[in-house]
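Enquirer: Fold the following for me, if possible:
(one chain, ligands or ions: 1)
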Amino acid sequence: MKVGVIGAGTMGSGIAQTFAQTDGYEVVLCDISERLAEGGKAKIAKGLNKKVAKGKMAQEAADAILGKITTGLMDKCADCDLIVEAAYEDLGVKHEMFKELDVICKPETIFASNTSSLSITEIGAGVNRPVIGMHFFNPAPVMKLIEVIAGLNTPDETVEKIKEISVSIGKTPVQVKEAAGFVVNRILIPMINEAVGIYADGVADVEGIDTAMKLGANHPMGPLALGDLVGLDICLAIMNVLYTETGDSKYRPHPLLRKMVRGGKLGQKTGEGFYKYN
Ligand code: 3HC
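Expert: Coordinates of the predicted model:
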């Protein structure tokens, strides 16, 4: 099966790697420029090289995975069987991309979006085929869950097909109804937002908050480190969707979260968030 992954950022490259390392899949990793698409593949190569250096993967296996990933613009997706869109988290951007892909792709290509909180029905509006949510978690090659979200116009057979594909790449699908933030982000992102508030209130320092949640709640990483991993801009975008969709003040993004995003401190991807990165 040939999979077109749209968006070569953190999630897109992780999703591309996940498919490419499974037998029976090849990937076209796309972005708005050849350079960005190649950058995504370079990120994958870097991660695989680390595994080779640790002795956890043979060089040949890493080369074989990379050999299954081609890069380019969206027009390379004409013969893809599945599209997983992982572009910028903006309804207008996703909408336009699917409309364009509708013209580029063969009629039977399945359209899936990795949106983290937006309405699948709205993303699919005006597109001449159904769109489904296929929501991966960061880091995509490691995290086992895929939230499968049917929009109002997504047929059951598409839902079943995406569940089947999820299992084939070693993931566990959980079907969820369309709702802001679905299941995981509705719980996880307000927790990160709350941790930002705890820090802003001076209750504990960054390391203290993260250590407390690692040791006190057995989380694999603390909420502020997790915010840096996910991207503080993504956290803010999800809080904004939760807030505007529900109107509930409990989802109000913390002003410090807004300030960090305005200041370009987005986490790992910009080299600084609540922590500094090389
Ligand atoms: N890409 C690929 N593989 C990665 C990776 C990455 N970015 N980061 C870590 N890994 C791999 C490592 O190579 C290693 O594999 P190995 O066992 O074969 O060597 C394995 O994961 C474990 O990594 P480490 O030993 O370096 O570190 P940890 O054991 O501390 O695990 C972690 C790192 C998997 C990130 C773990 O801390 C974790 O599970 N954290 C929580 C992540 C989480 O909650 N994600 C969900 C975020 S919400 C989301 O994504 C939704 C979105 O819509 C916002």
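
Enquirer: Send over the lengthiest helix in the chain as CSV, restricted to the C-alpha atoms.
Expert: For the chain, the helix that runs over the most residues, judged by DSSP state H, is helix 34-53. Output of helix 34-53 as CSV, limited to C-alpha atoms (Å, rounded to 0.1, in the frame of the first residue of the first chain):
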residue,chain,number,x,y,z
GLU,A,34,10.9,20.0,-1.7
ARG,A,35,13.3,21.3,1.0
LEU,A,36,10.8,20.9,3.8
ALA,A,37,9.9,17.4,2.7
GLU,A,38,13.5,16.4,2.5
GLY,A,39,14.0,17.9,6.0
GLY,A,40,11.4,15.6,7.3
LYS,A,41,13.2,12.6,5.8
ALA,A,42,16.5,13.9,7.3
LYS,A,43,14.8,13.9,10.7
ILE,A,44,13.8,10.2,10.2
ALA,A,45,17.3,9.4,9.1
LYS,A,46,18.7,11.1,12.3
GLY,A,47,16.5,9.0,14.5
LEU,A,48,17.3,5.8,12.7
ASN,A,49,21.0,6.5,12.9
LYS,A,50,20.8,6.9,16.6
LYS,A,51,19.2,3.4,16.8
VAL,A,52,22.0,2.0,14.6
ALA,A,53,24.6,3.7,16.9
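
Enquirer: Tell me the buried residues in that helix?
Expert: By neighbour count on 16 or more other Cβ atoms under 10 Å, the buried set for helix 34-53 is 36-37, 39-41, 43-45, 48. (Glycine included, C-beta is placed from N, CA and C.)

Enquirer: Generate a markdown table for those residues, with pLDDT and distance to residue 266 as supplementary columns.
Expert: As requested, these are exported to a markdown table (pLDDT from 0 to 100; distance: Cβ to Cβ, whole Å):
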| residue | pLDDT | distance to residue 266 |
| --- | --- | --- |
| 36 | 97 | 17 |
| 37 | 98 | 21 |
| 39 | 97 | 16 |
| 40 | 98 | 17 |
| 41 | 98 | 22 |
| 43 | 96 | 16 |
| 44 | 98 | 21 |
| 45 | 98 | 23 |
| 48 | 97 | 25 |
